[in-house]
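Student: no FASTA, just this:
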DNA sequence: AACCCTTTCAACCGCGAAGGC
DNA sequence: TGCCTTCGCGGTTGAAAGGGT
């Protein structure tokens, strides 16, 4: 007995998406919002499985995606994050706004891996292939520290942003960020409960003992949008829709 | 122009986690 | 508590594009 298929394969399309399928998916999500991927294809009139729809939306159709080449800064950030997190592409993508885990994974395999190899570094361990000095980012080269190792499952019991991490990558904010879902004008914003639940889900460890500022979690501490330090209330959750809009919603628990 | 090889990246697959009952 | 369903993630595949001969 194998695992039951995620959908009825006999009546689903596979392979590249057509323009019409894209339009159908976009129109449906604009009207009803994301979620319920299992039932979405039927409701949207698509002969695709839910997983395929989800992937197409997340990796290609989402309006907040940043298309185009990776910048040098993004390159460096990916390398740093990979040194600390390993192949946790979704976590790495969470630190690069507008980039998807699939995109970063592909970019790693096609560009960065080769780049590191050409520098004599093992892409998995970030250690030199033939001995010598361990991998160091430009900033590290100014003040070399211990070699970064990908986290393993045991390490994950610790805080995501430890003092050790800060020692290794002082300019790196490893707090887990939250990618906000896309809401159409017709669909409703998240309820207070779902926002706090999302916060609890993604920051479960810290949320037990301290308030969460999403600005900080998104790495915007220095941005004026973040005013968490001026908010004395210990249970304020701040949501930012986007940097451009400068909008935010406070959710109090 | 034709063929072959390499590179890129969208899409698929299988698995584990999470949540509901 | 255990089962079932759904979702999300990471690894892998394969078609298309690009480049070389």
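Tutor: Ah, there it is. Remember, it's a predicted structure, so these values are computed and weren't measured experimentally.
Student: Up against DNA strand B, what does the stretch 1-150 of chain A have?
Tutor: Along the stretch 1-150 of chain A, the residues adjacent to DNA strand B under the rule CB under 7 Å from any atom of the strand are A:3, A:6, A:13-17, A:48, A:51-52, A:55-56, A:59-60, A:102-103, A:105-107, A:109-111, A:114. Heads up, the C-betas are built off the backbone N, CA and C, glycines and all.
Student: From these, list the buried ones, please.
Tutor: A:17, A:48, A:52, A:55, A:56, A:103, A:107 (16 or more other CB atoms under 10 Å).
Student: For residue A:107, see how far away residue A:93 is.
Tutor: 11 Å (CB to CB, to the nearest Å).
Student: typed the wrong thing, it's residue A:88
Tutor: In terms of CB to CB, residue A:88 sits 15 Å off from residue A:107.
Student: Same check on residue A:44?
Tutor: According to CB to CB, residue A:44 stands 30 Å off from residue A:107.
Student: and if you look at residue A:82?
Tutor: For residue A:82, the distance to residue A:107 - CB to CB - is 11 Å.
Student: Kindly report the same for residue A:95.
Tutor: Applying CB to CB to residue A:95 and residue A:107 gives a distance of 14 Å.
Student: do the same with residue A:49
Tutor: For residue A:49 relative to residue A:107 (CB to CB), the value is 26 Å.
Student: Ok, residue A:81 next?
Tutor: 13 Å.
Student: cool, residue A:30 as well?
Tutor: Going from residue A:30 to residue A:107 by CB to CB gives 28 Å.
Student: Equivalent analysis for residue A:126, please.
Tutor: Taking CB to CB, one finds residue A:126 at 17 Å from residue A:107.
Student: How about residue A:57?
Tutor: In terms of CB to CB, residue A:57 sits 20 Å off from residue A:107.
Student: Kindly report the domain assignment for chain A.
Tutor: Split into domains by automatic domain parsing, chain A comes to A:9-61, A:72-168, A:192-252.
Student: Tell me if the helix or strand harbouring residue A:29 is near DNA strand C.
Tutor: If you go by DSSP states H and E, residue A:29 is part of helix A:19-32. No - judged by CB under 7 Å from any atom of the strand, helix A:19-32 makes no contact with DNA strand C; its nearest approach is 12.2 Å.
Student: Spell out which residues of chain A are next to DNA strand C.
Tutor: Counting by CB under 7 Å from any atom of the strand, the residues of chain A that sit close to DNA strand C are A:4, A:6, A:15-16, A:35-38, A:50-51, A:54, A:87-91, A:101-102, A:105-106, A:109.
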